[in-house]
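**Q** Below are the sequence and a predicted model; questions follow.
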Amino acid sequence: MANSPYQRLKLLYLMKILLEKTDEDNPMTVADLINSLAAYDIKAERKSIYSDLELLRHYGLDIEVQRSKKTGYYIASRQFELPELKLLVDAVQSCSFVTAKKSEKLIKKLSSLTSNGQAKLLQRQVFVADQPKTINETVYYSIDQIHNAINEKKKISFKYFDYDVRKNVIYRKQGGTYKTTPIALCWKSDNYYLITYNAKHDSLTHYRVDRMSNVVALDEEANKIDKNKFSIAEHVKRVFGMFEGEIVRAKLSFHNTLVNAVLDHFGKDVIIIPSKEDWFEITVDVSVSPVLLSWIFNFGELALIVEPDTLIEAMKERIELVRNNYI
């Protein structure tokens, strides 16, 4: 065994063992480390292990010693701590634009950044919620192509589709290809959107990334956009729920119990003005769209459109349309 072809890899395998098997709750004794190295056909003696541990410390590994009945060694800190990995796992699991299959692969990769013992804690995090997932497996790679095009200031081409009731893909433009200048990616209402510049109409538009396919970063130079004329942040803010509609200055009234919901949707900078008892008002620019009206309607008698009249009338029409479904 002393002449094992793997003997020169001893230090690398020792680091691998420490990273995979140890943490504060799972230290390994020198004997444990020797036995684990033997599984890789590598011979080690106690004295050499001590020297190797010092070398790994010098390399940068945070190796601590736990002294009790048995002296054990473990990795005390890593690039990602367990709470950080739990946060990342939950984010991956809750992303509707990442497929269930891709989520599983990403979570396994995140799990490899900690010990096997702590990785089990991450796996239990996977099932905290049953989130709906996209069925478009190409999203992950589409995002990569879009980022490359934005960074290189190039155009992209893609196809855009909807689903029918049987979940069949129905391409828009009869399967024709879109070609446009990508500006930014936006995560809004648990969906990923691509904001683009349409040079023909001199305007910004957007697409759901999970409904894009055959995304390719082209060699063609992107159209230049007048940053003084277009504000991406303002576009995202004004196009509420990513549905276009007439922009109006609206005064909305809410019961005090809805303050968290209002701040979540309109941001912490929105000015809250107390009105009648247990109520408050805000004044914001909104898009007159079904998404906005449905959001307000969801709160029932605890939310009220004060002005303008056009938005009030739009809500009345929306209510009447829904009412007619139950007559």
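**A** Nice, I can see it.
**Q** Would you state the helices of the stretch 201-327 of the chain in chain order?
**A** Using DSSP state H, counting those that start in this stretch, the helices of the stretch 201-327 of the chain run over 232-238, 259-266, 290-297, 309-324.
**Q** Please identify the most buried of the ones you listed.
**A** Stretch with highest mean neighbour count among those: helix 290-297 (a mean of 17; mean count of other CB atoms under 10 Å). For the C-beta atoms, the positions are set from N, CA and C on the backbone; glycine is no exception.
**Q** Mean confidence (pLDDT) on that one, please.
**A** What helix 290-297 shows for mean pLDDT is 90.
**Q** Throw the helices of the stretch 201-327 of the chain into JSON lines and include distance to H206, thanks.
**A** Output for the helices of the stretch 201-327 of the chain, formatted as JSON lines (distance: least, CB to CB, whole Å):
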{"stretch": "helix 232-238", "distance to H206": "8"}
{"stretch": "helix 259-266", "distance to H206": "18"}
{"stretch": "helix 290-297", "distance to H206": "13"}
{"stretch": "helix 309-324", "distance to H206": "22"}
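**Q** which one of those helices lies closest to I247?
**A** Judged by CB to CB, the one of the helices of the stretch 201-327 of the chain that comes nearest to I247 is helix 232-238, at 5.5 Å.
**Q** For that closest one, C-alpha coordinates in CSV please.
**A** Extracted in CSV, the C-alpha atoms of helix 232-238 (Å, rounded to 0.1, in the frame of the first residue of the first chain):
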residue,chain,number,x,y,z
ILE,A,232,-35.6,51.0,-16.6
ALA,A,233,-36.4,51.5,-12.9
GLU,A,234,-39.3,53.8,-13.7
HIS,A,235,-40.6,51.3,-16.4
VAL,A,236,-40.6,48.5,-13.8
LYS,A,237,-42.2,50.7,-11.2
ARG,A,238,-44.9,52.0,-13.5
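**Q** Run through who's touching it.
**A** I183, A184, C186, K188, I195, L204, I247, G267, D285, V286, S287 (CB atoms under 8 Å, 6 or more residues apart in numbering).
**Q** again, but for stretch 25-39
**A** So stretch 25-39 is contacted by 1, 10, 13-14, 17-18, 21-22, 43-46, 49-50, 65-66, 70-74, 115, 117 (CB under 8 Å, 6+ apart).
**Q** can you pull the buried residues of it?
**A** Buried positions in stretch 25-39, judged by neighbour count with 16 or more other CB atoms under 10 Å: N26, P27, M28, V30, D32, L33, I34, S36, L37.
**Q** quick check, nearest of those to E281?
**A** The nearest member of the buried residues of stretch 25-39 to E281, counting by CB to CB, is N26 at 56.3 Å.
**Q** If that closest one is in a bridge, with which residues?
**A** Taking DSSP bridges as the rule, N26 bridges to D23.
**Q** ranges for the strands of the stretch 1-150 of the chain?
**A** Under the criterion DSSP state E, counting those that start in this stretch, the stretch 1-150 of the chain carries strands at the ranges 62-66, 72-77.
**Q** for the last one, packing partners?
**A** The criterion is 3 or more CB pairs under 8 Å, 6 or more residues apart in numbering; DSSP states H and E, and the helices and strands that strand 72-77 contacts are helix 10-21, helix 30-38, strand 62-66.
**Q** try 6 Å
**A** strand 62-66 (3 or more CB pairs under 6 Å, 6 or more residues apart in numbering; DSSP states H and E).
**Q** low-scoring stretches of the protein, by residue?
**A** Along the chain, segments meeting pLDDT under 70 span 1-3, 123-137, 189, 237-245.
**Q** sorry, back to before: now the buried residues of stretch 25-39 in CSV, please, with extra columns for distance to I312.
**A** CSV is the format used below for the buried residues of stretch 25-39 (distance: CB to CB, whole Å):
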residue, distance to I312
N26, 63
P27, 67
M28, 69
V30, 77
D32, 72
L33, 73
I34, 78
S36, 72
L37, 75
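**Q** Just the closest of these to K155, please.
**A** N26 (52.0 Å).
**Q** Please tell me how far that closest one sits from T114.
**A** Relative to T114, N26 is positioned 11 Å away (CB to CB, to the nearest Å).
**Q** ditto for V216
**A** V216 is 37 Å from T114, by CB to CB.
**Q** now swap in S213 and tell me
**A** Using CB to CB, we find S213 at a distance of 35 Å from T114.
**Q** who's more crowded, the two?
**A** Between S213 and T114, T114 has the larger neighbour count (other CB atoms under 10 Å), namely 24 against 16.
**Q** sorry, back to before: of the contacts of helix 232-238, which pair is most distant in space?
**A** Top of the distance list for these (CB to CB): I183 and V286, 22.4 Å.
**Q** which of those two has more neighbours?
**A** Counted by other CB under 10 Å, I183 and V286 do not tie: V286 has more neighbours, with 26 against 20.
**Q** Quick check: phi and psi at the closest residue to K10 other than its chain neighbours.
**A** Using CB to CB, 6 or more residues apart in numbering and skipping the chain neighbours, the partner closest in space to K10 is I42 (5.1 Å). For I42, the backbone dihedrals (degrees, to the nearest 10) come out as phi -120, psi 130.
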